[in-house]
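Q: I would like the atomic coordinates for the input below:
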Amino acid sequence: MSDPFAHVRRMRDSRFSQEIAAILPGEFFVSATPMIVYTVLGSCVSACIRDPIAGVGGMNHFMLPAPKEHQSGDAWGGESTRYGSYAMESLINEILKRGGLRHRLEVKLFGGGKIYEGNIDIGANNAAWALEYLKNEGLEAQKTDLGDVYPRKLYYFLDSGRVLMKKIQRVKNDTIFDREMQYQKQLVREQESSNVTLF
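A: Take a look at the predicted model:
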C-alpha cells in the first residue's frame, strides 16, 4: 500500500529526536509512528487530533471554513482540504482508518489570527467554524489558542499530544501576509459574485 502522505516534506531538527513532517495550507498528515507535525499559521486553523490508546494522530491546516453551497467544483483546483469542512473529515477519517476510536479522540485547535487589516476577519471566521464543527460532531477541544493578531508556529508531538507553540511577534518576511491577502481577494470575489441578482 502506498503512503498517502509521501508528498509531505520531512525534516530533522537537532532539538528533537523525532522526524518532523511539515504541512502546508491545504494539507494534513496522520501517522501511527511517533513523529512531530509542524506548520505555520496565519488566519488559518489547525486541528491536532489523536487517539492516545491506539497511538495514532495527526494535524490539518485549513484556510477557509467551507466552500459555498452553490459551487459545483472545488475553487481551489482540487485541493479540498483547504476547506475546514473537508480537512476535518479527512483528518478524523484517516485516524479512524488506522485504528483510532472516535470517543477517545483528543482535539486541540490553534490559529485564526487576524494578521492584517481588512474588512473580513478570516481568522475569526475559521476559529468560529472549527468550534461549531466540534460541537456538532460531539467532540470537545481540550486546548485552544485561537484569534489574537499573531501568526503561530506549531510543533505537535503525536506520541504525547504535547504542543509547542510560538506566537511570531515580528514577521521577518511577507510570505504569510501575501498568502492572506490572496485569500482575502478570493473571498471578496466570491462575495461579489454572490451579490449579483440575475433577471
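
Q: The residue nearest to residue 26 when sequence neighbours are not counted and residue 27, how far apart?
A: The spatially closest residue to residue 26, leaving aside those adjacent along the chain, is residue 82, at 3.9 Å (CB to CB, 6 or more residues apart in numbering). C-beta coordinates here come from the backbone N, C-alpha and C atoms, glycine included. Distance check for residue 82 against residue 27: by CB to CB, to the nearest Å, it reads 9 Å.

Q: got it, and residue 47?
A: Spatial separation of residue 47 from residue 27 under the definition CB to CB is 13 Å.

Q: Ok, residue 135 next?
A: Distance of residue 135 to residue 27, computed by CB to CB: 25 Å.

Q: now do residue 131
A: With the distance defined as CB to CB, residue 131 ends up 22 Å from residue 27.

Q: Would you mind telling me which of those two has more residues around it?
A: For residue 131 and residue 27, the more surrounded residue by other CB atoms under 10 Å is residue 27, and the numbers stand at 23 against 16.

Q: pretty sure that one contacts residue 81?
A: Yes - counting by CB atoms under 8 Å, residue 81 is a contact partner of residue 27 at 6.5 Å.

Q: Now for these two: what residues contact both?
A: Shared contacts of residue 27 and residue 81, defined by CB atoms under 8 Å, 6 or more residues apart in numbering, comprise residue 60.

Q: which stretches of the chain form helices?
A: Across the chain, reading from the start of the chain, the helices by DSSP state H fall at 84-97, 122-136, 175-194.

Q: coming back round to it: now for residue 47 and residue 27: what residues contact both?
A: With contacts defined as CB under 8 Å, 6+ apart, the residues shared by residue 47 and residue 27 are residue 60.

Q: next one: phi and psi at the spatially most central residue of the chain?
A: When the chain is reduced to its mean C-alpha position, the closest residue under CA atoms, centre = their mean turns out to be residue 61, at 2.0 Å. Torsion angles at residue 61 (phi, psi; degrees, to the nearest 10) stand at phi -150, psi 100.

Q: That one contacts residue 39, correct?
A: Yes - applying CB under 8 Å as the test, residue 61 and residue 39 come out as touching, 5.0 Å apart.

Q: shared neighbours of the two, which are they?
A: Overlap between the neighbourhoods of residue 61 and residue 39 consists of 23-24, 46, taking contacts as CB under 8 Å, 6+ apart.

Q: among the residues you listed, which one has the lowest pLDDT?
A: Across the set of the shared contacts of residue 61 and residue 39, residue 24 stands lowest in pLDDT, at 91.

Q: pretty sure that residue is touching residue 39, no?
A: Yes - under the criterion of CB under 8 Å, residue 24 lies in contact with residue 39, with a separation of 7.4 Å.

Q: neighbour count winner among the two?
A: Set side by side, residue 24 and residue 39 give different neighbour counts by other CB under 10 Å, the larger being at residue 39 (25 against 14).

Q: List the contacts of that one.
A: In this structure, residue 39 makes contact with 22-24, 46, 59, 61, 153-154, judged by CB under 8 Å, 6+ apart.

Q: what about burial for those residues, which qualify?
A: Buried by 16 or more other CB atoms under 10 Å: 23, 46, 59, 61, 154, out of these.
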